[in-house]
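Novice: sequence isn't available, so here's the structure alone:
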């Protein structure tokens with residue numbers, strides 16, 4: 001059995017389950033409830049507790065209320081109803097922004113990886129809700145060259161439905177112990193400190209018959225043509241207005257963070273008005289590997305925006 005988190009982190013000041021957009025979303029909340037709100041969105045297969053260090057420090061440094069969400073299909077939030085995760089999560093973030101800014105206050109966004117992409121998408125569709133976005137290594141996959149010339153949408157749709165069906169009918173992957181899950185994740189995210197791997201597993205797993213399983217919904221791995229691809233991303237960025245955006249990427253190659261500097265520069269250049277900073281000695285989880293540098297960068301950026 002894993003012991004309580006080995007990290008000396010400030011637990012959320014509040015937590016609740018919010019009914020929005022026909023689902024239930026778990027939110028983790030730090031700071032004064034009356035302060036300007038900031039919403040944090042985690043990456044694929046993670047959960048809101050990945051912000052347990054950054055969120056309270058950001059709340060103190062900027063005098064804001066920071067809310068980290070378990071995205072739909074992750075953590076304690078509701079399951080996914082289909083493979084259309086991109087649009088569903090964007091609607092969820094927009095609904096959460098309206099809930100947080102009930103008095104019509106705009107809501108700053110901080111997103112990591114998948115959560116960063118969704119945050120930027122949300123700010124494109126609903127710019128009145130989002131005054132600024134911080135993108136933590138969320139530039140997406142591929143090199144921006146688009147699908148292959150022989151790509152066929154009908155064949156892709158058939159494969160997608162078959163994959164979704166297999167996922168829905170398959171039993172959950174069960175681990176005998178949480179320690180096994182730690183070893184599994186440590187082998188994938190090899191740059192993450194062991195204490196952080198244990199922390200993420202502790203809050204990202206649930207006991208089940210025969211052992212333990214991940215909280216993240218396996219349906220998240222499925223997707224359908226048109227949900228998201230490189231061309232979709234490029235079209236989205238062309239619609240962006242002048243929402244200030246800070247992009248922070250790590251200097252080191254890592255799982256899900258293996259773009260060459262040229263590809264990174266090309267992707268950042270498509271984001272209108274974006275600032276880009278490279279964080280030394282960090283990979284994909286820049287805010288976990290180098291929390292002081294990331295916090296300083298975000299504080300400078302937000303103060304400039306203000």
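Specialist: Right, received. Where do you want to start? As the structure is a computational prediction, the values presented were derived from the model and not from experiment. Numbering: from 1, shown residues only.
Novice: find out how far stretch 53-67 is from the centre of the chain, if you would.
Specialist: Centroid separation for stretch 53-67 versus its chain: 17 Å, with Cα atoms, centre = their mean, to the nearest Å.
Novice: how about residues contacting it?
Specialist: The contact list for stretch 53-67 (Cβ atoms under 8 Å, 6 or more residues apart in numbering) reads 7, 9-10, 12, 27-40, 51, 68, 96, 100, 108, 110, 287-288, 291, 294-295, 298-299, 302-303. (C-beta placed from N, C-alpha, C; glycine too.)
Novice: just those: which are in strands?
Specialist: Counting by DSSP state E, those place 27-30, 37-40, 68, 108, 110 in strands.
Novice: widest-spaced pair of those?
Specialist: Looking at these by Cβ to Cβ, the two members farthest from one another are 28 and 108, with 16.3 Å of separation.
Novice: and stretch 262-279, what's its mean pLDDT?
Specialist: Confidence over stretch 262-279, taken as the mean pLDDT, stands at 92.
Novice: ok, stretch 91-106 next?
Specialist: The average of the pLDDT scores along stretch 91-106 is 91.
Novice: contacts for it next, please.
Specialist: 18, 20-21, 23, 25, 27, 36-37, 39, 41, 65, 67, 69, 71-72, 107, 109, 118-119, 122, 125-126, 128-131.
Novice: could you pick out the buried ones from those?
Specialist: If you count burial by 16 or more other Cβ atoms under 10 Å, the buried members of these come out as 18, 20-21, 23, 25, 27, 36-37, 39, 41, 65, 67, 69, 71-72, 107, 109, 118-119, 122, 125-126, 129-131.
Novice: any idea how far residue 25 is from residue 78?
Specialist: Shown here: residue 25 relative to residue 78, a distance of 7 Å by Cβ to Cβ, to the nearest Å.
Novice: find residues that contact each of the two.
Specialist: Shared contacts of residue 25 and residue 78, counting by Cβ under 8 Å, 6+ apart, come down to residue 72.
Novice: appreciated, that's everything.
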